[in-house]
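K.L.:
Based on what follows, work out the 3D shape:
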Amino acid sequence: MELNLERPLLFFDIESTGLNIASDSIIELCFVKILPGGEQRVKTWRVKPWDYDAQCQRAINPSAQAVHGISAEDLQDCPTFYQITDEVVEWLTGSDLAGFNSAKFDLPMLAEEIERVRRFTDKQPQIDLHSMKMVDVQNIFHMMEPRTLKAAYMFYCGLELENAHAAEADTLATYEVLKGQLDRYAGDPRIENDVDKLAKFSTKQRTVDYAGRLILNDKDEPVVSFGKHKGKTAREVYFSEPSYFAWIDNGDFTLDTKRQFARLKAQYEEEKKAARPAPAQGKTTYAPRTKGYTPFEGLGGLFANQED
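P.N.:
This next block holds a predicted model:
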């Protein structure tokens, strides 16, 4: 079954130096864009992982290299993410997103690289990943048939997945698996050929930041999901302990988490300013001295006390 699309759906997959969103980097990125009507466009980048603090190439975790087989030497002449940011944003703009386990790892990692460019360079990428719909094919798969991508490809497509853990092979396989899911579950009310409904079905928890430090409650209010303020709304925490937001900004959190807390802080600060009473206009006048009042009547009688 071909996808029913009103706008492009961008499948993507990432290989990285490791699994720590805050301290690892992208080394391979593949986009497969499916346009309304079925046209398919593919773009894959090899990326030199860059440490902006140390100003050098970031090392690859040996356990990660054992999975994807990409070495530091393979990346020495590749562009950094900073150098491909404009092209990446161009591919992302106007699309919805899809991937296999991408909501949990690939999307947060992509967001972190974009935030690094914003924070440490002169570029300000004009893209808001949080505003884009995300269809996580793995979540649909696990809800319907708990297996791995390789098993999913065999189960839905009847084929053995060759070259697994290569970004392009995995991304193309994910696209074929989603189409196979739509064919297999045709008629199931939980699975419809609609990106908006697929995104909602495949998203387990509504998060504000990709790390899930802020989640949305049933009133769509951002709620802290960890630590001493777990379960409290971000608004409640800000107005009772504003220093907590500074602690987040200085702590060991992803840049995306810090950005979302900072955005909420700015919103709450504007609300505080709007709630402040306007300063009195003109010259202040005081009540005239009247027998029987204490000397506090100079404050407009606020503390006036009549004698018996």
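K.L.:
make it CA atoms for all contacts and neighbour counts henceforth
P.N.:
Will do.
K.L.:
Contacts only, for Tyr185.
P.N.:
For Tyr185, the contacting residues are Ile191, by CA atoms under 8 Å, 6 or more residues apart in numbering.
K.L.:
Let me see the confidence value for it.
P.N.:
As predicted, Tyr185 sits at a pLDDT of 95.
K.L.:
ditto for Ala280
P.N.:
Confidence score, pLDDT, at Ala280: 65.
K.L.:
same deal with the one 4 residues further on?
P.N.:
In this prediction, Thr284 carries a pLDDT score of 54.
K.L.:
Please apply the same query to the one 3 residues further on.
P.N.:
According to the prediction, Ala287 has pLDDT 49.
K.L.:
Kindly report the same for Glu307.
P.N.:
pLDDT, Glu307: 42.
K.L.:
swap in Arg41?
P.N.:
pLDDT recorded at Arg41 is 98.
K.L.:
start at 27 instead
P.N.:
Will do, 27 is the new start, and the previous item becomes Arg67.
K.L.:
The closest residue to Gln150 other than its chain neighbours is in what secondary structure piece?
P.N.:
Take Gln150 and drop its neighbours on the chain: the residue closest to it by CA to CA, 6 or more residues apart in numbering is Arg144, 5.0 Å away. Taking DSSP states H and E as the criterion, Arg144 maps to helix 133-146.
K.L.:
where's that helix relative to the chain centroid, distance-wise?
P.N.:
10 Å (CA atoms, centre = their mean, to the nearest Å).
K.L.:
who does whichever helix or strand comes after it touch, helix- and strand-wise?
P.N.:
Going down the chain from helix 133-146, the next helix or strand is strand 160-162, by DSSP H and E. Where contact means 3 or more CA pairs under 8 Å, 6 or more residues apart in numbering; DSSP states H and E, strand 160-162 is packed against strand 122-125, helix 221-228.
K.L.:
quick one: average pLDDT of strand 160-162?
P.N.:
On average, strand 160-162 scores 96.
K.L.:
The residue positioned nearest the centre of the chain: what's it in contact with?
P.N.:
By CA atoms, centre = their mean, the chain has its centre lying nearest to Tyr236, at 3.9 Å. Contacts for Tyr236 (CA under 8 Å, 6+ apart) come out as Ala129, Lys130, Leu133, Pro134, Asp282, Thr283.
K.L.:
Mind doing that once more with 6 Å?
P.N.:
Pro134 (CA atoms under 6 Å, 6 or more residues apart in numbering).
K.L.:
so where does it fall, helix or strand?
P.N.:
Following DSSP H and E, there is no helix or strand that holds Tyr236.
K.L.:
can you check Leu198 too?
P.N.:
Using DSSP H and E, Leu198 falls within helix 193-210.
K.L.:
residues in contact with that helix?
P.N.:
Contacts to helix 193-210, defined as CA under 6 Å, 6+ apart, come from residues Met27, Phe38, Asp39, Cys56, Tyr179, Tyr182.
K.L.:
mind listing which of the residues you listed are in helices?
P.N.:
Among the contacts of helix 193-210, the members falling in helices (DSSP state H) are Tyr179, Tyr182.
K.L.:
ok, which pair from the contacts of helix 193-210 is furthest apart?
P.N.:
Among these, the pair separated by the greatest distance (CA to CA) is Met27 and Cys56, at 23.1 Å.
K.L.:
These two: which is more packed in?
P.N.:
It is Cys56, of Met27 and Cys56, that has more neighbours when counted by other CA atoms under 10 Å, with 24 against 13.
K.L.:
ok, and the closest non-adjacent residue to that one?
P.N.:
Nearest residue to Cys56 in three dimensions, chain neighbours excluded: Thr70, at 4.2 Å (CA to CA, 6+ apart).
K.L.:
Could you check the angle the lengthiest helix in the chain makes with helix 133-146?
P.N.:
Secondary structure of the chain read by DSSP H shows that its longest helix is helix 281-301. When axes from the mean of the first three to the mean of the last three CA atoms, to 10 degrees is applied, the directions of helix 281-301 and helix 133-146 differ by 70 degrees.
K.L.:
That's all I had, so thanks and see you.
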